[in-house]
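Asker: following is a predicted model, sequence given first.
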Amino acid sequence: MTTTLLTNAAVAAMTPESPYGLIADGAIAIENGRIAWTGARASLPERWMNEAEHDLGGRLVTPSLVDCHTHLVFGGNRAREFEMRLEGAGYEEIAQSGGGILSTVQATRAASEEDLVEAALPRLDALICEGVSTIEIKSGYGLDQSSELKMLRAARQLGKLRPVRVFTSYLGAHAVPPEYSGDADGYIDEVCIPALREAEKQGLVDYVDGFCERIAFTPAQISRVFDAARSLELPVRLHAEQLSWQGGVELAAQYGALCVDHVEYAKESDAAAMAGSGSVATLLPGAFYTLHETQAPPVDAFRKHGVPMAVATDANPGSSPLFSPLLAMNMACTLFGTTPEEALRGTTLNAARALGLKDTGMIAPGMRADLAVWNASHPAELSYMFGFNLLHERWFEGVLS
Ligand code: NIG
Ligand code: FE
């Protein structure tokens with residue numbers, strides 16, 4: 001049995017009972033990649049007393065971060081579109097004229113699986129360098145069967161190349177590809193759903209996602225994809241009410257979605273529906289910031305109804321070219337008014353919950369020993385600083401990596 005004892009730590013365990021689940025002068029015992037015990041050093045059980053200590057010098061330890069919403073695998077980039085938007089063009093206008101997501105589709109279709117992996121690795125490394133150990137990656141820039149499968153294989157490959165756990169979402173319902181222009185229903189029935197079945201058969205899918213928006217799909221179209229997900233026993237999640245209110249949250253809640261993401265235009269009744277379905281609200285301030293959005297998600301309504309909030313990068317080439325979970329936390333505080341504690345719960349415990357994971361995101365016995373050690377003494381420092389990486393070291397399943 002491998003045992004490690006971390007001592008001299010300010011442990012933000014993120015257990016729900018107290019602010020940050022903070023333990024002053026804490027210790028953590030790790031056995032075989034899992035947390036065996038955590039608490040104040042003074043109450044360390046005898047069993048670990050003779051163990052060699054890994055002294056953290058009084059530093060802050062949190063669960064390592066979970067980035068629960070990314071589009072990390074893509075071809076090309078959209079710097080030209082960034083310029084166009086600053087010259088006055090709108091995001092939806094660019095999308096309607098065949099740019100936006102579809103320009104990334106073109107570049108992604110043209111790339112090989114190896115190209116996609118090679119391009120995504122430095123982005124993944126940027127996340128890992130800020131303490132991420134678990135990441136969700138979507139398809140959705142292929143929009144034909146072979147390109148969607150290629151994206152999902154690339155995502156799985158990333159998880160083998162780095163000490164990180166990767167979960168995949170099938171996002172075939174992201175945009176209507178040019179060959180089905182004007183025929184969203186045809187695309188859903190003839191490509192999106194059959195490709196989902198094939199991807200599932202090949203073990204490439206952990207969740208099914210969609211984009212419910214006027215530039216993407218209607219609730220009725222998304223519900224057909226979700227019916228297919230249900231028949232495959234795959235959990236669902238949704239991009240909803242990002243640019244306008246479409247009723248996506250209600251639909252997602254009816255299907256018991258793990259999470260509903262963006263939600264800028266969600267109403268209080270949507271928050272109530274999410275509370276009923278137990279769905280997490282994923283806040284994506286990088287997209288809000290990039291698109292100069294002015295409507296912030298209804299954080300107060302989420303609080304009032306007890307909807308857990310996650311915070312993620314939405315790392316993608318168009319609406320959120322953000323590869324820093326720490327900056328996402330800072331933006332959640334500054335732009336959306338979350339507290340630093342909510343921001344950290346949003347990238348740990350609630351992000352794990354958004355992925356349906358019960359074994360990470362918290363420092364407690366039985367959880368995976370996924371830990372981030374920071375050059376900080378209080379957890380609010382993580383959201384307070386921006387453009388500065390406070391990570392000291394990262395433990396992945398009990399191994400310093
Ligand atoms: O989460 N909302 C839809 N899709 C992605 C980004 C799409 C893009 O612009 O490439 C998002 O913002
Ligand atoms: Fe997204």
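Answerer: Received it, and whenever you're ready, just let me know what you need. Residues are numbered from 1 along each chain as shown. Ligands and ions are numbered 1, 2, ... in the order given.

Asker: next, the residue in the stretch 51-200 of the chain positioned nearest to ligand 1: phi, psi?
Answerer: Shortest the stretch 51-200 of the chain-to-ligand 1 distance, computed as Cβ to the nearest ligand atom: residue-wise this is Ile101, at 4.6 Å. In this view, the C-beta of every residue, glycine as well, is placed from N, C-alpha and C. Ile101 adopts backbone torsions of phi -50, psi -40, taken as degrees, to the nearest 10.

Asker: now Ala40
Answerer: phi -70, psi 140.

Asker: partners of it in the sheet?
Answerer: Per DSSP bridges, residues listed as beta-bridge partners of Ala40: Gly26.

Asker: tell me how many other residues crowd it.
Answerer: As a burial measure, the neighbour count of Ala40 was computed by other Cβ atoms under 10 Å and equals 12.

Asker: quick one, what contacts the residue nearest to Gly356 when sequence neighbours are not counted?
Answerer: Nearest non-adjacent residue to Gly356, counting by Cβ to Cβ, 6 or more residues apart in numbering: Leu258, 5.1 Å away. If you count contacts by Cβ atoms under 8 Å, 6 or more residues apart in numbering, Leu258 has them with Tyr207, Pro235, Val236, Arg237, Ser279, Val280, Arg353, Ala354, Leu355, Gly356.

Asker: list only buried entries from those residues.
Answerer: For these, a neighbour count by 16 or more other Cβ atoms under 10 Å gives the buried set as Tyr207, Pro235, Val236, Arg237, Ser279, Val280, Arg353, Ala354, Leu355.

Asker: tell me which of those fall in helices.
Answerer: Cross-referencing the buried ones among the contacts of Leu258 with the helices (criterion: DSSP state H) gives Arg353, Ala354 as the overlap.

Asker: tell me the two of the buried ones among the contacts of Leu258 that are most distant?
Answerer: Maximum pairwise distance in these, criterion Cβ to Cβ, is 14.9 Å, between Val236 and Arg353.

Asker: would you confirm that Trp123 contacts Asn316?
Answerer: Just to correct that, residue 123 is Arg rather than Trp. No: taking contact to mean Cβ atoms under 8 Å, the distance of 10.1 Å between Arg123 and Asn316 leaves them out of contact.

Asker: the more surrounded of the two?
Answerer: Between Arg123 and Asn316, counting by other Cβ under 10 Å, Asn316 is the more crowded of the two (26 against 18).

Asker: what's the burial count for whichever residue of the stretch 301-401 of the chain sits closest to ligand 1?
Answerer: Each residue of the stretch 301-401 of the chain has a distance to ligand 1, by Cβ to the nearest ligand atom, and the smallest belongs to Gly318, at 2.4 Å. In terms of burial, Gly318 registers 25 neighbours under the definition other Cβ under 10 Å.

Asker: my guess is it contacts Val105. True?
Answerer: No: applying Cβ under 8 Å as the test, Gly318 and Val105 come out as separate, 11.0 Å apart.

Asker: quick one: terminal-to-terminal distance for stretch 281-290?
Answerer: By Cα to Cα, to the nearest Å, the extent of stretch 281-290 from end to end equals 20 Å.

Asker: contacts only, for Asn77.
Answerer: Pro317, Pro321.

Asker: that one - that's part of a strand, no?
Answerer: No: following the definition DSSP: H, G, I helix; E, B strand; the rest coil, Asn77 is coil and is not counted among the residues of a strand.

Asker: kindly state the pLDDT recorded for it?
Answerer: For Asn77, the pLDDT comes out at 96.

Asker: Leu232 now?
Answerer: The pLDDT attached to Leu232 in the predicted structure is 98.

Asker: then Met151?
Answerer: The predicted local distance difference test score for Met151 is 99.

Asker: buried stuff in stretch 29-40?
Answerer: Neighbour-count burial for stretch 29-40, counted by 16+ other Cβ under 10 Å, picks out Ala29, Ile30, Glu31, Arg34, Ile35, Ala36, Trp37, Thr38, Gly39.

Asker: so which of those residues are in helices?
Answerer: Judged by DSSP H, these include no members of helices.

Asker: how about these in CSV, adding pLDDT?
Answerer: Formatted as CSV, these follow (pLDDT from 0 to 100):
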residue, pLDDT
Ala29, 98
Ile30, 98
Glu31, 97
Arg34, 98
Ile35, 98
Ala36, 98
Trp37, 98
Thr38, 98
Gly39, 98
